[in-house]
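> Below is the structure, and that's it, no one-letter string:
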């Protein structure tokens, strides 16, 4: 029985991939990646510095070219005004006229 356990243990050791992992290779890949990333970051920062120096980075369009948005739609405002005017006229008419109704008794 012990022989069987030793054989299975040896088979598992062979199948286990930790023997095939090379940590130096992975560290080398990580270092190269972060060096490339830092180099790219430096290039981008120099590009932005150049754009800012030449006043091209934060250029705003002139006020004349900017179209100011309309805050209120005039057509809708007119319809609302007409509606309120008609309602006020009706209320004035109701207030000024006598109410005629028959006595229910």
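On my side now, so go ahead. No experiment lies behind these values; they were computed from the predicted model shown.
> Please give the element, helix or strand, for the most centrally placed residue in the chain.
Central residue of the chain (CA atoms, centre = their mean): residue 58, 21.9 Å from the mean position. Under the criterion DSSP states H and E, no helix or strand holds residue 58.
> Does it touch residue 48 like I think?
No. At 10.8 Å, residue 58 does not count as touching residue 48 under the criterion of CB atoms under 8 Å. C-beta coordinates here come from the backbone N, C-alpha and C atoms, glycine included.
> What is the neighbour count of residue 51?
The number of residues packed near residue 51 is 13, by other CB atoms under 10 Å.
> Could you pull up the residues touching it?
With contact set as CB atoms under 8 Å, 6 or more residues apart in numbering, residue 51 has these partners: residue 57.
> Let me know the secondary structure of it.
Secondary structure assignment for residue 51 (DSSP: H, G, I helix; E, B strand; the rest coil): helix.
> Can you tell me how far it is from residue 58?
9 Å (CB to CB, to the nearest Å).
> try residue 10
69 Å.
> Dihedrals phi and psi, residue 78?
Main-chain dihedrals, residue 78, degrees, to the nearest 10: phi -60, psi -40.
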